[in-house]
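Enquirer: With the sequence up front, the predicted model follows.
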Amino acid sequence: MPGNQLAERSCQTENVPATFLVVPQWQGSGSSRAMQLSDGADAIAGDLPAAVTRRVEVPLGAGESLDTGVHRASSIRMIRDAVAAALGADSDEGEGEPGVVVTIGGDCGVELAPVARAVGQHPELAVVWLDAHADLSTPDESPSGAFSGMVLRTLLGDGPELLVPAAGETLTASRVVLAGTRSYGDDEEAFIEEKAIRLVTVDQLQHSEDLERGDALVAAVESTGATSVYLHVDLDVLDPAEIAGISYPEPFGLTVAALVENITAVRRRFTLVGAGITQFAPSSPDTAADDLSAVLRIISALTRPL
């Protein structure tokens, strides 16, 4: 897809304008490619319409753990607060609701403020976590101390006190749908079973003899009782053959076409109130260019008029 092709058409979701918030955070990643997450966010930003794109600057330094068990927790908290302020400014500057904000990471930790805000504003919300990894670890259980593997658990209120959402913005497990997830720690599997968190497998997302593509995911969200959704898309939900620029590739993932169709099916059935795209970590400008067509197809699926 040529550069700025998204800028050539209106970015709308159900006739509500979409805006983009670019957050090149890398501090939540434990990968040796962590710094490339900033490059990935910048590469995506270069193909977004400038008039509806804002950027949150992130600290250059790594940050301190602050005795939380989370590496770089001080920087993650600082960025979380900056993202929350940017989201609040968007509301203050607009007339009524600001529309759908698509957050562009960065690592998965960029979702802290957007998801918490969405939960606070939409009590009927479900969060669809399209991610190869469950991100349900805790500081005591995490083998790496990287926050990207703890962010969903933290959004559920089980995490370091300085990072958990405020009262009224905490997600509940009954409103979470894990989709395309295929890598878990033992602690995460136990938590999923204990909380009866809904899971839609890659096979269910990709194809079914009895259902149209997207029906399984829609049914899972319907079973939560939600009427609106927040869609988190970690690009590692895709099969590594579909995209090279990811830090933690997991085999047997989704095709881009299947992901796009599932996003579209969910949007047709529920009100989309926010979305995030994370974990784009290209190794070079050339590989970034090779992957951007896939990334922009996903962004288009999130924002194009239906």
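Expert: Okay, I see it.

Enquirer: Which residues does stretch 233-242 contact?
Expert: For stretch 233-242, the external contacting residues (CB atoms under 8 Å, 6 or more residues apart in numbering) are 108, 130-133, 135, 179-181, 243, 245-256, 259, 263, 275-280, 294-295, 298, 302. Every C-beta, even on glycine, is put in place using the N, C-alpha and C of the backbone.

Enquirer: In helices, which of these appear?
Expert: Secondary structure from DSSP state H places 256, 259, 263, 294-295, 298, 302 of the contacts of stretch 233-242 in helices.

Enquirer: Throw the residues you listed into TSV and include distance to residue 230, thanks.
Expert: Listed next are these as TSV, based on distance: CB to CB, whole Å:
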residue	distance to residue 230
256	21
259	16
263	12
294	22
295	19
298	15
302	11
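
Enquirer: which among the contacts of stretch 233-242 end up buried?
Expert: With burial judged by 16 or more other CB atoms under 10 Å, the buried subset of these is 108, 130-133, 135, 179-181, 243, 245-250, 253-256, 259, 263, 275-280, 294-295, 298, 302.

Enquirer: quick one: residue 256 and residue 298 touch, right?
Expert: Yes - between residue 256 and residue 298 there is a contact under CB atoms under 8 Å: 7.1 Å.

Enquirer: in the sheet, who's paired with the residue nearest the centre of the chain?
Expert: Computing the C-alpha centroid of the chain and ranking residues by CA atoms, centre = their mean puts residue 232 first, at 3.0 Å. Applying DSSP bridges to residue 232 gives these bridge partners: residue 129, residue 276.

Enquirer: show me the contacts for it.
Expert: With CB under 8 Å, 6+ apart, residue 232 has these contacts: 108, 111, 115, 127-131, 275-276, 278.

Enquirer: hmm, 7 Å instead?
Expert: With contact set as CB atoms under 7 Å, 6 or more residues apart in numbering, residue 232 has these partners: 111, 127-131, 276.

Enquirer: Could you report the distance from it to residue 269?
Expert: Separation of residue 232 from residue 269 (CB to CB, to the nearest Å): 17 Å.

Enquirer: Likewise for residue 287?
Expert: Look at residue 287 and residue 269: by CB to CB, they are 35 Å apart.

Enquirer: cool, and residue 34?
Expert: 36 Å.

Enquirer: Looking at those two, which is more packed in?
Expert: Using other CB atoms under 10 Å as the criterion, residue 34 and residue 269 rank with residue 34 on top: 20 against 16.
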